[in-house]
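**Q** Pasting the sequence and the predicted coordinates here, then a few questions.
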Amino acid sequence: MIKIRRSSERGHANHGWLDTYHTFSFADYYDPKHEDFHALRVINEDRVAPGMGFGMHGHKDMEIVTIVLEGALEHKDSLGNGEVLRPGEFQRMSAGTGIKHSEFNPSETEAVHLYQIWLHPERRGLAPSYEQKAIPPSEQLNALRLVASPDAQNGSLAIHQDARLYLSKLDAGHAVSHKLAPGRAAWLQTLRGSVELNGQRLDAGDGAAIESETELSLKAVSNAEILLFDLA
């Protein structure tokens with residue numbers, strides 16, 4: 001069963017400095033039909049104006065993965081980490097018992113376009129931790145590249161949840177496939193371009209909740225970038 005969540009159906013807020021879309025209930029946006037999906041709690045697509053960002057704020061008991069599509073995002077946290085995240089780099093922050101961080105666009109001229117994902121952790125009370133890795137675009141081209149997993153397989157980020165995140169940059173006309181083990185679900189998020197998921201078209205910003213399927217066929221209608229979650 002595939003249920004498509006169109007980009008236009010997401011929650012939306014434009015604060016001037018921040019233009020944001022929420023796939024699931026978040027902040028002032030609440031939809032009882034879209035609060036989460038398995039371990040997925042948040043998929044936010046944000047565009048942050050030059051020189052603006054999120055001041056120091058706290059999180060607890062959440063796995064947070066950030067992907068930058070365009071521009072740069074400067075991260076600082078209460079563990080002493082301070083890095084700039086750029087396209088091709090992936091960040092994981094385990095909030096655990098509590099962590100504070102800030103996220104700013106360091107550019108004076110260019111907006112930053114990013115996706116931030118929150119997943120429920122496998123258990124509460126984990127020690128807070130942070131990591132950032134670069135994965136070459138060539139490894140994502142016309143292939144599903146693992147970027148986060150519970151066992152850090154293939155150099156992926158280590159997340160504390162039975163979930164695997166794959167990223168793919170597909171040239172128009174190219175296809176990839178993914179098998180789902182019995183009892184597992186998936187979520188597909190189209191970051192850019194257009195793809196067909198088992199024959200159903202998704203455009204940029206569209207997502208799809210996938211359950212009771214055994215194989216996913218993904219074909220690019222145009223040059224596309226997708227994020228696939230394999231979930232317990």
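**A** Everything's here; your move.
**Q** Just want the most central residue of this structure.
**A** In the chain, the centroid-proximal residue (C-alpha atoms, centre = their mean) is residue 117; its distance is 4.2 Å.
**Q** ok, that residue - contacts?
**A** Neighbouring residues of residue 117 by C-beta atoms under 8 Å, 6 or more residues apart in numbering: 40, 42-44, 64-67, 165. Backbone N, C-alpha and C define where each C-beta goes, glycine included.
**Q** Swap in 7 Å and give it another go.
**A** 42-43, 65 (C-beta atoms under 7 Å, 6 or more residues apart in numbering).
**Q** Closest one to residue 121 out of these, please.
**A** Nearest to residue 121 among the contacts of residue 117, counting by C-beta to C-beta, is residue 65 at 12.1 Å.
**Q** To which secondary structure element is the closest one assigned?
**A** Using DSSP states H and E, residue 65 maps to strand 63-70.
**Q** Mind giving me the packing neighbours of that strand?
**A** strand 89-94, strand 112-119 (3 or more C-beta pairs under 7 Å, 6 or more residues apart in numbering; DSSP states H and E).
**Q** sorry, back to before: return the entry from the contacts of residue 117 with the maximum number of neighbours.
**A** Of all these, residue 43 has the most neighbours under the rule other C-beta atoms under 10 Å, reaching 24 neighbours.
**Q** Identify the residue nearest that one in space, chain neighbours excluded?
**A** residue 23 (3.9 Å; C-beta to C-beta, 6 or more residues apart in numbering).
**Q** just residue 186 next, same as before
**A** residue 210 (4.1 Å).
**Q** ok, now which ones touch that neighbour?
**A** Counted by C-beta under 7 Å, 6+ apart, residue 210 has contacts 2, 185-188, 216.
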